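> From the sequence below, what's the structure:
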Amino acid sequence: MSRVGRTPVAVPSGVEVVVSGRELRVKGPKGELSRSIPGAIAVDRQGDEVVVSRPDDARQNRALHGLTRALVANMVTGVTNGFVKELEIVGVGYRATARDARTLDLALGFSHPVSYSAPEGVSFEVPAPTRIRVIGIDKELVGQVAANIRSIRKPEPYKGKGVRYAGERVLRKAGKAAK
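Sure thing, here's the model as predicted:
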């Protein structure tokens, strides 16, 4: 039995969880999320908890059991607290400015500024010119937007310039050896 999958998900007050057919909807103070339930996995609301169960020990059902429980837990956390991914920009002249809450202008050493627009449900904060905060209620979407911004100019291994996650360590290479 999956250790993650058999743990019930606590539903805090103010959060509404509705299971209708193969569709799961979670509504809370920060917004609403919905997701289809994969395979033969069953999701039931029991009082103040959501319980995820599987019909048998088939390989596919075992794989989806813990995944589904983690997705439900992330949905509940997202509508109550939300998720934040922080990025750092390293490099001389590299900076970010927020045009508005959903549009980011990046100067990353290219011959032109790069503009990035966030999808629905994600917003940006720029507390400093070299720091970006990606904020949203959908953990998967927040992580994907942060990865897309990082992919515009990944940290390079010689000087470490580029966009990286906050706290990410970049392995540095030694340059050319002088004679």
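> Please look at Val72 and Leu33 and confirm they touch.
No: shown here, Val72 and Leu33 do not form a contact pair, counting by CB atoms under 8 Å, at 10.0 Å. C-betas here are computed from N, CA, C, even on glycine.
> shared neighbours of these two, which are they?
With contacts defined as CB atoms under 8 Å, 6 or more residues apart in numbering, the residues shared by Val72 and Leu33 are Val26.
> just how off-centre is the lengthiest helix in the chain within its chain?
Ranked by number of residues, the top helix in the chain under DSSP state H is helix 59-80. Mean-position distance between helix 59-80 and its chain equals 14 Å (CA atoms, centre = their mean, to the nearest Å).
> Determine the set of other helices and strands touching it.
If contacts are counted by 3 or more CB pairs under 8 Å, 6 or more residues apart in numbering; DSSP states H and E, helix 59-80 sits against helix 3-6, strand 9-10, strand 23-28, strand 31-36, strand 49-53, helix 139-152.
> what's the second one in contact with?
When you say that, I think you mean strand 9-10. With contacts defined as CB under 8 Å, 6+ apart, strand 9-10 is touched by Asp48, Glu49, Val50, Val51, Val52, Arg69, Val72, Ala73, Val76.
> Over to stretch 48-62 now: how far is its first residue from its last?
Its first and final residues considered, stretch 48-62 spans 25 Å by CA to CA, to the nearest Å.
> Buried residues in that stretch, which are they?
For stretch 48-62, the neighbour count (16 or more other CB atoms under 10 Å) marks Val50, Val51, Val52, Ser53, Arg54, Asn61 as buried.
> Give me the buried stretch members for the helix or strand of the chain with the lowest mean pLDDT, please.
The helix or strand of the chain with the poorest confidence is helix 3-6; it has a mean of 84 (mean pLDDT, DSSP states H and E). In terms of neighbour count (16+ other CB under 10 Å), helix 3-6 has its buried residues at Gly5.
> if we can go back for a sec, show me what counts as buried in the longest helix of the chain.
Of the residues in helix 59-80, those buried (16+ other CB under 10 Å) are 61, 64-80.
> So what's the residue count around Val18?
Residues lying near Val18 (other CB atoms under 10 Å) number 11.
> now it, nearest residue through space, not along the chain?
Excluding its sequence neighbours, the residue lying closest to Val18 (CB to CB, 6 or more residues apart in numbering) is Arg25, at 4.6 Å.
> Likewise for Tyr116?
Distance criterion CB to CB, 6+ apart; nearest residue to Tyr116, sequence neighbours excluded, is Leu104 at 4.6 Å.
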